[in-house]
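Peer 1: Here is a sequence with its predicted model. Questions after.
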Amino acid sequence: MRSDSIKKGIHKAAHRSLLYATGVAKDSLKRPFIGIASSFSDLVPGHAGMRDLERQIEKGIHTGGGQAFIFGIPAVCDGIAMGHCGMKYSLPSRDLIVDCVETVAQAHQLDGLVLLTNCDKITPAMLIASLRLDIPCIVVTAGPMADGCSKKEVLTMIRGSFEAVGKLSAGKITEERLHEMEEECCPSAGSCQGLYTANTMACLTEVMGMSLPFCATASAVSSKKKQIAFESGVRIVELVEKNIKPSDIINRDSLRNAIIADLALGGSTNSILHLLAIANSGGIDITLKDFDELSYKIPQIIKLDPSALPTMTDLHNAGGIPAVLKTMYGNTPELKDLTGVSGLKISEIASRAWADNDIIHTLDNPITSNPGLGILKGNLAKDGAVIKISGVDPSALTFEGRAKVFNSEEETMEAIDKDLIKEGDVVVICYEGPKGGPGMREMLAPTSMIVGKGLGAKVALITDGRFSGGTRGLCIGHICPEAAAGGIIGLIKNGDKITIDIPARKLELLVSDEELEQRRKEFKPLPPKEVKGFLAKYAKTVQSASVGAVTR
């Protein structure tokens, strides 16, 4: 065992004495040492219920014959970090978490890890760390929160808060109603209820085989989740004994399986950023071309909040991810029959599943023939841009409008709040990319305000930043190259015409090549924002969103 290097031999007497100090019994030194990397935090609703899951995982590890050690890692709640300087830290926290997991696991020579996670950056960070370490690992995502309800109106965090602010601004609800909704829309611990980034990544983790069946959709406050946590603790000891490592499970085929499921689900645009980063960590050949290629083959068969009323609770009750696999396996040649940490092949999981086809449509009766996500290219996005097609009104799949250019989210919010954004506008937000932000902030506040004002199909928003998984509307993010790297998005002027053609996957600035060349000669990018500490280090090392905004 790896842990023998800290517990065997006469020269490890000091190591053993320190282990005894933690309460480890002498006979337990013979057991595999399993770390529980827990992102518990009272600050993050998605993680506030993890203490119970830690106990269940610990019980499972000891039942399986291992010795458990819990250690903490940081977690950021994107909803709380949204709309201010705190959001600059959200995406960079992914790299910080990877470093934390790697450091503890290597310093203490752990034999295996249970990665207890839930929210947006934490889950992809755990997967990246698992590949970097390449020791046996299993992921436990803590699960979605219960649906909210106020006066018989079913609420989610997005509908009950961010979009409600837009409705108040548009005069559709009173301030009293806003406060009623905000108090009831998040009624329990867990990740926010819709198919936002946290739940998208939980679903994809299950599809690629790094968590047990139903882990993605089982409620954070359910006994089912506690059972899965216990079973994951037992299973990690078996993975250590058999030396089944993340590199045995996460490969090109399993990542493409995740992309296929992502397209069918209509998940968060951030999943593209994270899957590219996971591939990069494992040296796996996955690029934006894989997303683009598969997007022409995979229809959307599920539509959840924020694009529709059903939530993760409805998906779980419809059969969860096993039901999605049952619906697709055998009917989608691109979906490979692989084995995950459960020891089951996708075909075995699918054969045991039941599917409610009112929520999970069949492939011959999809929600739409379009995929849930799309990669757009054109002179505005030479290296690609991302759109959540599932969140776009069918009437807005092609759009042409006049640019209104802003150099920050704050400027944009002020304009929307003052009703300066009108039907037919293309809102352009520059200098919010990985380097320009720095940190590539999510733009949930402006997109939700636009939707709340009833302009979701009448106004487009494009940015070199990114969007929350809760975003819906005609919103295009991850535009590469970004403005801070000299991208054409930084050359746009107020009044320029921009055309968006989602069926053709095109994003074009309707300005002549000659005019663009002249603008390029005159272009002076805004000076880098003055940041210090962790953000300054991140800004110097981060790469383009087209490769997952990884750091070098």
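Peer 2: Perfect, I can see it now. Residues are numbered from 1 along each chain as shown.
Peer 1: ok, the residue lying closest to Asn494 once chain neighbours are set aside to Val426 distance?
Peer 2: The spatial neighbour of Asn494 that comes closest, neighbours along the chain excluded (CB to CB, 6 or more residues apart in numbering), is Val405 at 5.4 Å. C-beta here means a position set from N, CA and C on the backbone, and glycine is covered the same way. In this view, Val405 and Val426 are 9 Å apart by CB to CB, to the nearest Å.
Peer 1: Those two - which one has more neighbours?
Peer 2: Set side by side, Val405 and Val426 show unequal neighbour counts under other CB atoms under 10 Å, the larger going to Val426 at 25 against 19.
Peer 1: Let me know the pLDDT of the more buried one.
Peer 2: In this model, Val426 is scored at 97, pLDDT.
Peer 1: Just after the helix or strand it falls within, pick out the following helix or strand.
Peer 2: Applying DSSP states H and E as the criterion places Val426 in strand 425-429. The C-terminal neighbour of strand 425-429 among helices and strands, as given by DSSP H and E, is helix 444-452.
Peer 1: and that following helix, average pLDDT?
Peer 2: For helix 444-452, mean pLDDT is 89.
Peer 1: got it, and stretch 157-174?
Peer 2: For stretch 157-174, the mean pLDDT works out to 92.
Peer 1: Can you tell me what sits against that stretch?
Peer 2: Taking contacts as CB atoms under 8 Å, 6 or more residues apart in numbering, the residues outside stretch 157-174 that touch it are 79, 148, 150, 175, 177-178, 181-182, 184-186, 192-194, 196, 305-306, 417, 444-445, 448-454, 470.
Peer 1: at 6 Å what do you get?
Peer 2: With contacts defined as CB atoms under 6 Å, 6 or more residues apart in numbering, stretch 157-174 is touched by 148, 178, 181-182, 185-186, 192, 306, 444, 448-449, 451-453, 470.
Peer 1: now, which of the residues you listed sits nearest Ala37?
Peer 2: Cys192 (22.2 Å; CB to CB).
Peer 1: give me the number of residues near the closest one?
Peer 2: Counted by other CB under 10 Å, the residues lying close to Cys192 total 31.
Peer 1: What sits closest to it if chain neighbours are left out?
Peer 2: Using CB to CB, 6+ apart and skipping the chain neighbours, the partner closest in space to Cys192 is Met157 (4.2 Å).
Peer 1: Please enumerate the strands of the protein.
Peer 2: In the chain, the segments counted as strands under DSSP state E are 33-38, 67-72, 112-117, 137-141, 148-150, 153-155, 374-378, 381-387, 398-406, 425-429, 460-463, 474-480, 497-501, 506-509.
Peer 1: Could you tell me which residues make contact with the closest residue to Gly72 other than its chain neighbours?
Peer 2: What sits nearest to Gly72 in space, not counting adjacent residues and going by CB to CB, 6+ apart, is Ser38, at 5.8 Å. Applying CB under 6 Å, 6+ apart to Ser38 gives the contacts 50, 54, 70, 72, 116.
Peer 1: hang on, the earlier thing: who wins for proximity to Gly343 among the strands of the chain?
Peer 2: Each of the strands of the chain was scored for nearness to Gly343 using CB to CB, and the closest is strand 137-141 (11.3 Å).
Peer 1: I'd like the distance from the closest one to the chain centre, please.
Peer 2: 15 Å (CA atoms, centre = their mean, to the nearest Å).
Peer 1: and Glu348, how many neighbours?
Peer 2: Glu348 is flanked by 16 other residues according to other CB under 10 Å.
Peer 1: before we move on, what about Ile122?
Peer 2: 29.
Peer 1: Then Met1?
Peer 2: By the criterion of other CB under 10 Å, Met1 has 17 neighbours.
Peer 1: Pull the residues that contact stretch 247-258.
Peer 2: For stretch 247-258, the surrounding residues in contact (CB under 6 Å, 6+ apart) are 134, 204, 207-209, 279, 282, 284-286, 335-336, 338, 340.
Peer 1: pretty sure the residue nearest to Asn494 contacts Gly490?
Peer 2: No: distance between Val405 and Gly490: 9.3 Å, which falls outside the contact criterion (CB atoms under 6 Å).
Peer 1: show me the residues around Leu294 that make contact.
Peer 2: Applying CB under 6 Å, 6+ apart, one finds that Leu294 lies in contact with 259-260.
Peer 1: Can you check what pLDDT the model gives it?
Peer 2: pLDDT, Leu294: 96.
Peer 1: again with the one 4 residues further on
Peer 2: According to the prediction, Ile298 has pLDDT 95.
Peer 1: Disregarding flanking residues, what is the spatial nearest neighbour of Thr471?
Peer 2: The shortest distance from Thr471 to any non-neighbouring residue, by CB to CB, 6+ apart, is to Thr447 (4.5 Å).
Peer 1: Now do the contacts for that neighbour.
Peer 2: The neighbourhood of Thr447, defined by CB under 6 Å, 6+ apart, consists of 471, 473, 475.
Peer 1: Using PyMOL, make a named selection holding only the buried ones among those residues.
Peer 2: Selection command for PyMOL covering only the buried members of the contacts of Thr447, criterion 16 or more other CB atoms under 10 Å:
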select buried, resi 471+473+475
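Peer 1: which one of the contacts of Thr447 sits closest to Val221?
Peer 2: Set against Val221, the nearest of these by CB to CB is Thr471 (26.2 Å).
Peer 1: low pLDDT regions in the stretch 351-500 of the chain?
Peer 2: Under the criterion of pLDDT under 70, none of the stretch 351-500 of the chain is flagged as low confidence.
Peer 1: who are the neighbours in contact with the nearest residue to Thr156 once chain neighbours are set aside?
Peer 2: Across the structure, with CB to CB, 6+ apart as the measure, the residue nearest Thr156 apart from its sequence neighbours is Gln193 (4.3 Å). Residues counted as contacts of Gln193 (CB under 6 Å, 6+ apart) are 144-145, 147, 156, 311-312.
Peer 1: What's the separation between Gln193 and Gly470?
Peer 2: In terms of CB to CB, Gln193 sits 10 Å off from Gly470.
Peer 1: Check Gly72 too.
Peer 2: Note on Gly72: its distance to Gly470, by CB to CB, is 27 Å.
Peer 1: Looking at the two, which one has more neighbours?
Peer 2: Under the criterion of other CB under 10 Å, the comparison of Gly72 against Gly470 puts Gly470 first, with 30 against 14.
Peer 1: show me what contacts that one?
Peer 2: Neighbouring residues of Gly470 by CB under 6 Å, 6+ apart: 158, 196, 306, 444.
Peer 1: per-residue confidence at the third one?
Peer 2: Pro306 carries a pLDDT value of 90.
Peer 1: what do you get for the second one?
Peer 2: At Tyr196 the predicted local confidence, pLDDT, stands at 94.
Peer 1: And for the most centrally placed residue in the chain, nearest residue in space, chain neighbours not counted?
Peer 2: Centrality entry for the chain: nearest residue to the mean C-alpha point is Thr197, 3.3 Å, by CA atoms, centre = their mean. Excluding the flanking residues, the one nearest Thr197 by CB to CB, 6+ apart is Gly469, at 3.6 Å.
Peer 1: count of residues packed around that neighbour?
Peer 2: Residue crowding around Gly469 was assessed by other CB under 10 Å; the count is 28.
Peer 1: That one against Ser268, yeah?
Peer 2: Yes: checked against CB under 6 Å, the pair Gly469 and Ser268 is within contact range at 3.0 Å.
Peer 1: For the two, list the residues in contact with both.
Peer 2: When contacts are counted by CB under 6 Å, 6+ apart, Gly469 and Ser268 are jointly contacted by 196-197, 200.
Peer 1: What average pLDDT does stretch 223-233 get?
Peer 2: Summarised as a single mean, pLDDT over stretch 223-233 is 98.
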